[in-house]
Structure formats: C-alpha cells, structure tokens
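> Let's see this in three dimensions:
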Amino acid sequence: MEYNVNNMTPPPYGGVSVKEQTNSIMKRVYVRMTIGLLVSAFVALGVASSQSLLYFFAGNQIVFWGMWIAMIAMAFIIPARLAKMSSGAVLGCFILFSALMGASLAPIFVVYKLGSIVATFFVTAGTFGAMSVYGYFTKTDLSKMGSILIMALFGLIIASVVNIFWANSTLYWIVTYAGVLIFVGLTAWDTQQVKRLAAANLEPSMADKLATMGAMNLYLDFINLFLYLLRILGDRR
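Now for the predicted structure:
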C-alpha cells in the first residue's frame, strides 16, 4: 500500500499535530524493535543452553533451512498483505519472526565467547543508535543513498551465496566490511523513511501497523550489523 509521504498536513485522525503523531509512532517503533531483540536474545540463549534444542534447530538441516525459508517468506508476505492484516496479526508475525531469528542465531553462542558477543552487541547498539539519530534529525534527503544501498545489498547477498561454494577468505572479508558499511547506511535511511511515513495522514490502525513494520526493518538492520561486526570483533572459542 502506498502512502503520500510528501503530504505533511496535520492528520485528520484524533486531531493531533504531525509532530505528535510522528513522535507517537516512532516511540512504538523503537519499543517494538527492542521487544523483538529481547525475544531473539532470550530464544537464542534458551536454545544454546540446551544440547537437544541446539541439535534440533541447528543440527537438523530440514528444520534449519525451514526456519530461514519461513523468515524470508514472512519478510515478503507481511508487507504485501499489510492492509488486509489486523494490527495484532502484524505484531504477532513480527514476534514470531523474532523468535525464529533467535533460534537460528543460537549457534553463535557455541562459536564465539560470551564476552565478545556482549561487547559486540554494545558496539552495535552504539553504532545503530548514532546512525538512527542521524537519520531521524538530518535534513538531507537520503533517498538516493537508499537506492544505492539497496542495490549494494543485492550484490552483497549474491557475493555471500557465491562464497558459500567458493570459500574464499579474501571475498569473505570484503563481504564482511561491505556488510557493515551497507547496514550502517541502511539504518539511517530506514529511520528517515519510517519518520516520513509516520508524518503522513494515516488512520490509527494503519499507523500502528506501520510502527510494527518500521520496527521490523530497523530490527533487521540491527541484527545484520551485529552479525557482520561479530565476524570482525568476535573472539572464537
């Protein structure tokens, strides 16, 4: 569903100003993103602490790839059916998505030492926070940068798939550092996009669904930035 993001007139719903509506939606975006990260963290820790669960989710190829296929499908289906889904259904799908992501990330606790995971998380949080603040307050239109970053992201995905079969260490590190740069930029761009949509004339139910989708986009930026930084900063066992 398309929105007129250039229409900055006060929304007709509830008689609130554009600023009040934008602030209200953005607060929900960050709260829900935080909830998603907490769900992923607790699920990942829970799975990693159980040998049987770890084997079930990471050792069983059908389950492992099934989770990734489900997450990819949800990433496309939820935005496509956003107008037809209820606010609760959208939020529920995001929580389920976060739980599946947590289960798929459990092996990092086996590969990396806990201290380096925690340290990388705080580095990611600081970097993400700085770029999100920039995206929120900057007057510069980041649309052109966003288009370039999306194209770069597709290139990153292709290079990553190629290197699964090629296993070239040089390409591995090129992809890693490129991934950090791409998701640092996407964090700022996604924040600006969500803010612009939050300022549009939206009915309350659509505004709430927008908050969940914005949270999901920023959640994915955070997770990917964390994983690429972990490659660089992580201390392997």
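> make it CA atoms for all contacts and neighbour counts henceforth
Noted.
> give me the low-pLDDT residue ranges for the protein?
Counting by pLDDT under 70, the ranges of the chain that qualify are 1-16, 201.
> which residues of it fall in strands?
In the chain, no strands are defined using DSSP state E.
> Report the backbone C-alpha coordinates of stretch 49-58 in CSV.
Output of stretch 49-58 as CSV, limited to C-alpha atoms (Å, rounded to 0.1, in the frame of the first residue of the first chain):
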residue,chain,number,x,y,z
SER,A,49,21.8,-23.7,26.7
SER,A,50,20.1,-27.0,25.7
GLN,A,51,22.1,-29.5,23.7
SER,A,52,18.9,-31.2,22.4
LEU,A,53,17.3,-27.9,21.3
LEU,A,54,20.6,-26.8,19.7
TYR,A,55,20.8,-30.0,17.7
PHE,A,56,17.1,-29.8,16.8
PHE,A,57,17.3,-26.2,15.4
ALA,A,58,20.9,-26.1,14.1
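> Tell me which residues are up against that stretch.
By Cα atoms under 8 Å, 6 or more residues apart in numbering, the residues outside stretch 49-58 that reach it are Val47, Ala48, Val63, Phe64, Ala103, Ser104, Ala106, Pro107.
> Pull out the buried residues from it.
By 16 or more other Cα atoms under 10 Å, the buried positions in stretch 49-58 come out as Leu54, Tyr55, Phe56, Phe57, Ala58.
> wait, which of the contacts of stretch 49-58 is closest to Lys27?
Ala103 (26.9 Å; Cα to Cα).
> residues near the closest one, how many?
Neighbours of Ala103 under the rule other Cα atoms under 10 Å: 26.
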